[in-house]
Each structure stands twice: as structure tokens, then as C-alpha cells.
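Chemist: Build the 3D model from these lines:
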Amino acid sequence: MNGTAGCDTTATSSCEMDLSEVLQSEIQYLRNKVKELESENAKLSALLSNCHCQQGNDASSTLESRGLVEEVGRLNLGCKEVNMRKTKEINSGHCTTAMLDLPKRYVALKIMYFGQRFYGFASEAQMDPTVESEVFKALDKTRLIFGNKKELQYSRCGRTDKGVSSVGQVIALYLRSNLKQFKGNNGCCGENGESCGEIDYVRVLNKVLPVDIRVLGWSPVPIDFSARFSCLSRVYKYFFWRGNLDVMAMETASQKFVGEHDFRNFCKMDAANVHNYRRHIISFEMFPCNESFESDQLWVMKIRGSAFLWHQIRCMVAVLFLIGQGFESPNVIDLLLDIERMPRKPQYIMAPEIPLVLQCCEFEGVTFFCSSDAKQALHEHLVRECLSYKVQATIFHEALLSFSSTEYDNDVMKTRTRRKEASYVPLMSRPTEPSYEERRTKLDARIQTRE
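Modeler: Presented below is the predicted three-dimensional model:
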């Protein structure tokens, strides 16, 4: 597929030409020096050919001439080494000094990824691969960046966990630009996203990114823009099969999340870095999708909030599933949100990560562009990937058909269900995790011990 071919040769050639201009003065100086020495050597050689001095003096002059010739040779070799070194720096993408002199602009990139094979988005996870590490490899390979993340003024909207996907993650950073001058940092794009001579960031990056990561669009943004702190709201979707779940009870319970609450009982607590567990849920919706399998219907929970805690969505969904299965009453949400009555989180397993998707990150005045060529290539890529996953689903379906449904199998499933219901322990009766205050006290004591 064109969208997954090697590095864009046009962008690479353009980058090498720009870097060559920056390095031209250094190389030209050496070339001029070589020409001067060659000219001096030619004059000395002419004088020596007409010289009739004594043998000793003649030998001395010859040695001097040879010295000049050797100096010229060394300078020629030095010039070649400089050329080779600079070419190597260009090809490796690490010529920071030269890149700093190139035109650049501050932009936001909208990114989608299928998170199943990644250890989360952030590269700080200390495990590879991560989405962020793959994105930076592509940025480096296409010569679009220079320096470290601090120099690039890099920011990201969210830190999705291992296995979580996104169709609307946003990052912001300085990228190389084809435009030497532009008014402010907004504009330079037509109504259809045509870039008016700017680098086609979407097309260039998608040619080198893995097939499960795509750049959907880019937008010029002000230099005080932060993908994290400028975000007005984030929207997540969680997909699930309805099965025997009581979705009416789940919908009733989900509305108890709306508003500002302390969600410490619905997250993985990070006492070292997070001190405020109050978050605002703007809306919580549940509705069926246009997808079904045999007699089952695919549903989705759509949660919009200003910000979320670590594992917050998966914890909320886990409790809703317990309510949908009839193990808990919708009122359990009220109890868990009341931190005075329930200061410690009861132990329960989070919902699986694969069905969770970061749908979009919403900003004021930010419009993402995608050129016609990049949009067409992106559409073709997504169609092919969708068909590929449907083929995989068909294979699994064929495997299911190979099993016969017998009365014995049904009896076994019923027995397992009864055992599960009989062994269920209500949330309010389960062992609890340490409270925030207990975690902080233990953490402070550990820090004092180290000091």
C-alpha cells in the first residue's frame, strides 16, 4: 500500500538540500583554502624549475615545496572528511545545529492507533513498543524534528494505557516547515486542508508509520498551546456485547457519575503524583451500535469529561457490569462516591482494556487539516485494515461453528453460572485497599528514611 511504503523521497531530498545550504559556508571555506595553496604551490614549482642555486639550497627548497604539496593533500582529505561527516549527519537525522537554522512551526497532530500490541501511549512506560516511541521514530526518520522533547515544546493530550486504542489522540510540537515566513501560526491552509506549499505532514508520516498507527490531520497552533492543558474535554467510548446484561439498570446507575465527584474508589490510586481525585463527568450515554452477531447486539458507553484519573473509565465500567449482571444495585454507585462512608476502595477487577477507545480531544479554535492526496491514501488504508479484521473475525466464527451445542454443554454452563452467583461477594463486604491518607503516610515515611 502506498500509505505504508518507505520514507517519502521528495521530503528527504528537500531536507538534504536545506541542510546542505546550512553547511555550505564551512565546506566552501575549505575548498577556497585548497585552491589558494594549490596556486602557491604552482608558483613555487615554476620558480624552482628556473632556480640554479647550490645543491643544498635546492634540496631545502624541494623539501619546502614537498611540504606544501603534502599540506594541500591533507586539506583535500580534510575537505572530503567534512563532506562525508556532514552527509552522515544528514542521513542519520541528528544534525541538530543545522536543523535549528531551518524554518519551523508549532503544530498539533491528530493521531489514531489500534492499541492491542502497544504498552500504552507514553514512552515513559519503560517497555516497548509504545505508540509515542513509534511516532517519534517516524518524525526522526522523516527529518521533521530536531532536539529533545523539551526543545520541541512537546505535549500530549492523554496517556492511554496498555491495549487502549484511540481515533483522536492529540500531540503538539515544533516541526520543520517549508514556509520561511507566515503570519503568526494560524492559516496557510485552504478550505480543503491544502497546505499552500507546506509539508504534507499527514502523507509524509503515514508512509513510514506502522500500519496500526495513522496521523489523521494537523493544525497550526499558537506557541502557548498545550495538548494537555488546552484540552476542554476528552471523550472515551467503551464497547460491549449486551448479552444478558440489564442495560436499563446500567443506564440508571451511569447517570450517578455525571457531575463533579471524588472518584478515588473508581481509579488506580497514585498517591505520589495525584492529590486531588475530584473530576467532572460532563455526560454519560449508553446506546446500541449498528453491529450484531447472531442474536447479540453491540453496545457502547460514551463518556465525556474534562479529565480522567488512572484507570477511571475501566473501573466505572467494571462496576456497571456488576450492576448489569444483577450482582449489585445501582445505589452502589452512590455509596462508592461517598468517600466519608467509603474511604477505602473495595477490591474488584477492572473491565478489559481492548474495548476502550479515546474517541476525541476537544479544543477551542483548532481545526485539523488533511490534504486531498493524504485523505485518499488514508481512506484506502483504513478500508483495507477493516477488511483484514473482518477476515480474522470470520475465521474465529468458523472455529465457533466447529463446536456442537449439546444439552451437556448447556447444563455445564448453567452449573457454572449458579456457582458464580452463589460465590459472589458484594462490593461493600469485600476487603479494601489502603486509603489515600494511609498511602501518603507510608510514602512520606519512606522518603524520610531515604533522606
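Chemist: residues contacting the residue nearest to residue 209 when sequence neighbours are not counted?
Modeler: What sits nearest to residue 209 in space, not counting adjacent residues and going by CB to CB, 6 or more residues apart in numbering, is residue 138, at 4.8 Å. No exception for glycine: its C-beta is placed from N, CA and C like everyone else's. Residue 138 makes contact with 205, 208-209, according to CB atoms under 8 Å, 6 or more residues apart in numbering.
Chemist: who wins for most neighbours among those residues?
Modeler: residue 205 (26 neighbours; other CB atoms under 10 Å).
Chemist: for whichever strand or helix holds residue 172, the distance to its chain's centre please.
Modeler: According to DSSP states H and E, residue 172 maps onto strand 165-176. Chain-centre distance of strand 165-176: 6 Å, with CA atoms, centre = their mean, to the nearest Å.
Chemist: Same question for stretch 325-345.
Modeler: 35 Å.
Chemist: And it, what's buried?
Modeler: Residues of stretch 325-345 classed as buried by neighbour count (16 or more other CB atoms under 10 Å): 325, 327-328, 330, 332-333, 336-337, 339, 342, 344-345.
Chemist: right, and the pair among those residues with maximum separation?
Modeler: Maximum pairwise distance in the buried residues of stretch 325-345, criterion CB to CB, is 25.5 Å, between 325 and 339.
Chemist: residue boundaries of the strands in the stretch 251-400 of the chain?
Modeler: 259-262, 278-293, 296-305, 356-362 (DSSP state E, counting those that start in this stretch).
Chemist: most packed of those?
Modeler: When you average the neighbours per residue for each of the strands of the stretch 251-400 of the chain (mean count of other CB atoms under 10 Å), strand 356-362 leads with a mean of 21.
Chemist: In terms of secondary structure, what does that strand contact?
Modeler: Applying 3 or more CB pairs under 8 Å, 6 or more residues apart in numbering; DSSP states H and E, one finds that strand 356-362 contacts strand 165-176, strand 233-241, helix 312-324.
Chemist: For that strand, C-alpha coordinates in CSV please.
Modeler: Taking Å, rounded to 0.1, in the frame of the first residue of the first chain, the C-alpha atoms of strand 356-362 are listed here in CSV:
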residue,chain,number,x,y,z
LEU,A,356,-11.8,1.1,25.4
VAL,A,357,-11.2,3.9,22.8
LEU,A,358,-10.2,7.5,23.2
GLN,A,359,-12.7,9.0,20.8
CYS,A,360,-11.6,12.6,20.6
CYS,A,361,-9.9,15.5,22.4
GLU,A,362,-11.8,18.8,22.1
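Chemist: and it, how far from the chain's centre?
Modeler: 13 Å.
Chemist: Could you dump the strands of the stretch 251-400 of the chain into a markdown table with distance to residue 164 and mean pLDDT added?
Modeler: Converted to a markdown table, these look like this (distance: least, CB to CB, whole Å; pLDDT from 0 to 100):
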| stretch | distance to residue 164 | mean pLDDT |
| --- | --- | --- |
| strand 259-262 | 23 | 97 |
| strand 278-293 | 18 | 94 |
| strand 296-305 | 13 | 96 |
| strand 356-362 | 5 | 96 |
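Chemist: Distance to residue 442 added to these, as CSV?
Modeler: As requested, the strands of the stretch 251-400 of the chain are exported to CSV (distance: least, CB to CB, whole Å):
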stretch, distance to residue 442
strand 259-262, 21
strand 278-293, 23
strand 296-305, 30
strand 356-362, 30
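Chemist: nearest to residue 147, of those strands?
Modeler: strand 356-362 (24.9 Å).
Chemist: Adjacent strands (with direction) for that closest one?
Modeler: strand 165-176 (parallel), strand 233-241 (antiparallel) (DSSP bridges).
Chemist: mind checking the backbone torsions on the closest residue to residue 114 other than its chain neighbours?
Modeler: Leaving out its chain neighbours, the residue that sits closest to residue 114 by CB to CB, 6+ apart is residue 212, at 4.3 Å. Backbone geometry at residue 212, expressed as degrees, to the nearest 10, gives phi -90, psi 10.
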